[in-house]
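Asks: Sequence and predicted structure are below.
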Amino acid sequence: MNADPAGVGQLGDRAGTVDVARERAQTVGVRSAHHLNAAGAALPPVAVVDEVVAHLRREEHEGGYEAAAAVAGRIEELYAAAARVVCAAPEEIALADSATTGLRVIVDALRLNGSSRLLVSRSTYVSHALHLLSLAADTGAELVVIPSGADGAVDLERLERLLTGGPRDVVCVAHVPTSSGLVEPVREIGALTRRSGAAYLLDATQSVGQLRVDVGEIGCDALVTTGRKFLRAPRGTGFAYVRGAFLERLVPVAPDVRGAVWTGAREWSLSPTARRLETWESSVAGRLGLRTALHQLLERGIDVTGAYLASTANVLRQGLAAIGGVTVRDPASSASGIVTFTVDGLEAEAVSRRLAKRDVRTVSVPASHGQWDLGWRGVPSVVRASVHVYNDDSDVAALLDAVAEIARGAVQR
Ligand SMILES: Cc1ncc(COP(=O)(O)O)c(C=O)c1O
């Protein structure tokens, strides 16, 4: 086995202070396969799973409401931890079951109309795009896809020209998309939106947990993210940030008993905090798992995590680029833990299936998950490999060796 096909050295040299051996010891999933799918759903650490299972057991014994009351303090700690991770205040955090739900509730609460303009990045995720397209069709709001530059990222000059000034413009950008390792220039976009008065909604689903996300520095009005990806939390968890002053603009379409009080026969009042966007029912066990995952991230350090993921992904990109018949599909502005590629003569799905047979877990991302990116670039699908702190040299070598073998086979057929 050629463990270093690209000759780019071992990850240990670049590992910073991530204790990869420790992370692996605390991650059961690394024992059965080379898991390179953090951008789909990362492997959770043992402590996160233990927390979830313990709460389910507690519910079994005490009942769901009684168990929830017993851990109410820990759920409050979750708001504080989420706030710390994105540098916000706990009152600016709303818990949600996914990033999609979080963004939908926020966008709906903006009450768009025929004079609204939605300026969306090419990096927009399928479910968000479909929601915005459907809203534009219903309300008559204009939807404009912001052109990207040669590096694949939002073209800032074009964006500046598109902004008309004032709150009727709503800018929606994915920090890191589902379809490549691209990192959008979110701070520069924030500077433009602040200057023009546009609302700025950031989809940080693929960045929170792997990149430094400081909502003050970025200047976004709202942000959504999910638990199961780079945060390594359970499925069905996520959270949103809404800037205090921006909250006043948000009037939920479907106020819920969690975020509103039914004060009279035809009156209700909304929570003064971001919790006005929440719904009552949730998986308390999942949220406790999210709290533990956030605490682990804060303990490990976001910058350390980000540096390790970016350098590991870089090793992968360079290794893949050195294999004949393989094309790395990431644009120039790629600095995240996501790597995308194609193999000549084989559909991405077939490559991903063949990798799985060799115990290397990746996914294929079709253009239908990102028409404004992959569809626009004319790439029908890509194989996506995404790394986390539990991935080591053995995972990198396994992917590169397996891809080389698959690419050779594709040429010989
Ligand atoms: C960039 C991006 N945004 C949003 C989502 C949706 O996240 P969720 O499934 O938690 O709603 C995804 C999921 O893959 C994504 O990659």
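Replies: Sure thing, it's come through.

Asks: Nearest to the ligand: which residue in the stretch 251-400 of the chain?
Replies: For the stretch 251-400 of the chain, the residue closest to the ligand is residue 369, as judged by C-beta to the nearest ligand atom, at 7.6 Å. All C-beta atoms are positioned from the backbone trio N, CA, C, and that covers glycine.

Asks: how about that residue, what does it touch?
Replies: 125-126, 178-179 (C-beta atoms under 8 Å, 6 or more residues apart in numbering).

Asks: now with 10 Å?
Replies: 125-127, 129, 177-179, 363, 375, 381-382, 384 (C-beta atoms under 10 Å, 6 or more residues apart in numbering).

Asks: Now narrow these to whatever sits close to the ligand.
Replies: By C-beta under 6 Å from any ligand atom, the members of these lying near the ligand are 125, 127, 177-178.

Asks: Could you identify which of the residues you listed has the most neighbours?
Replies: residue 177 (32 neighbours; other C-beta atoms under 10 Å).

Asks: and that one, that's in a strand?
Replies: No - counting by DSSP: H, G, I helix; E, B strand; the rest coil, residue 177 is located in no strand; its state is coil.

Asks: picking up where we left off before, need the max-distance pair from the ones next to the ligand among the contacts of residue 369.
Replies: For these, the farthest-apart pair by C-beta to C-beta is 127 and 177; their separation is 12.7 Å.

Asks: what sits in contact with each of those two?
Replies: Residues touching both residue 127 and residue 177 comprise 203, 369, with contact defined as C-beta under 10 Å, 6+ apart.

Asks: What residues does this protein have near the ligand?
Replies: Residues of the chain lying near the ligand (C-beta under 6 Å from any ligand atom): 98-100, 125, 127, 174, 177-178, 203, 205-206, 226, 238.

Asks: what do you get if the cut-off is 5 Å, keeping everything else the same?
Replies: Residues of the chain lying near the ligand by C-beta under 5 Å from any ligand atom: 98-100, 125, 174, 178, 203, 205-206, 226.

Asks: Are any of those buried, and if so which?
Replies: Buried members of the residues of the chain next to the ligand, scored by 16 or more other C-beta atoms under 10 Å, are 98-100, 125, 174, 178, 203, 205-206, 226.

Asks: Among those residues, which pair sits farthest apart?
Replies: It's 98 and 174 that sit farthest apart of these, by C-beta to C-beta, at 14.5 Å.

Asks: which stretches of the protein aren't confidently modelled?
Replies: 1-16, 411-413 (pLDDT under 70).

Asks: I appreciate the help and will end here.
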